[in-house]
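In: for reference, the sequence and a predicted model appear below.
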Amino acid sequence: MESSSHYYRIKIKGVLPLTWSRHFDGLSINHEADKTILHGTIVDQAALHGVLTRIRDLGLPLLLVEQIDTHHKENKK
C-alpha cells in the first residue's frame, strides 16, 4: 500500500517567524524576499487542509501549493 504522505512546498505572502514551524505541523520555514516558504512532509489531505486553514485564519495570502515528487528526485541520484 502506498503511503498517503507527500512532500509539499507552500508559499505565502508575508514573513512568518521561524519559530512558527510548530504551528504548521513542524513544516520547515524559509524566507524569499517578502514571502514565507513552508515545506516538508504532510501526512494526508486532512493535515494539508489544516495547514491551509491556519494560513487562511492568519489572513495571509496563499501564493502556491505544490506537491513535490520526492520519489522522482530519489531515482535521479
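Out: Right, received. Where do you want to start? Residues are numbered from 1 along each chain as shown.

In: quick check, residue 23 in a helix?
Out: Yes. The assignment for residue 23 is a helix, going by DSSP: H, G, I helix; E, B strand; the rest coil.

In: okay, helices next: where are they in this structure?
Out: 45-57, 70-76 (DSSP state H).

In: what residues sit buried inside the first one?
Out: Of the residues in helix 45-57, those with enough neighbours to count as buried (16 or more other CB atoms under 10 Å) are 48, 51, 55. C-beta coordinates here come from the backbone N, C-alpha and C atoms, glycine included.

In: closest one to residue 34 out of the residues you listed, please.
Out: residue 55 (15.5 Å; CB to CB).

In: pLDDT wise, what is that closest one at?
Out: In this model, residue 55 is scored at 95, pLDDT.

In: please apply the same query to residue 30.
Out: In this model, residue 30 carries a pLDDT of 96.

In: same check, this time on the one 5 residues further on
Out: According to the model's per-residue confidence, residue 35 sits at a pLDDT of 96.

In: isn't it up against residue 16?
Out: No. Counting by CB atoms under 8 Å, residue 35 stays clear of residue 16, with 9.8 Å between them.

In: residue 34 contacts residue 12, doesn't it?
Out: No. Counting by CB under 8 Å, residue 34 stays clear of residue 12, with 10.2 Å between them.
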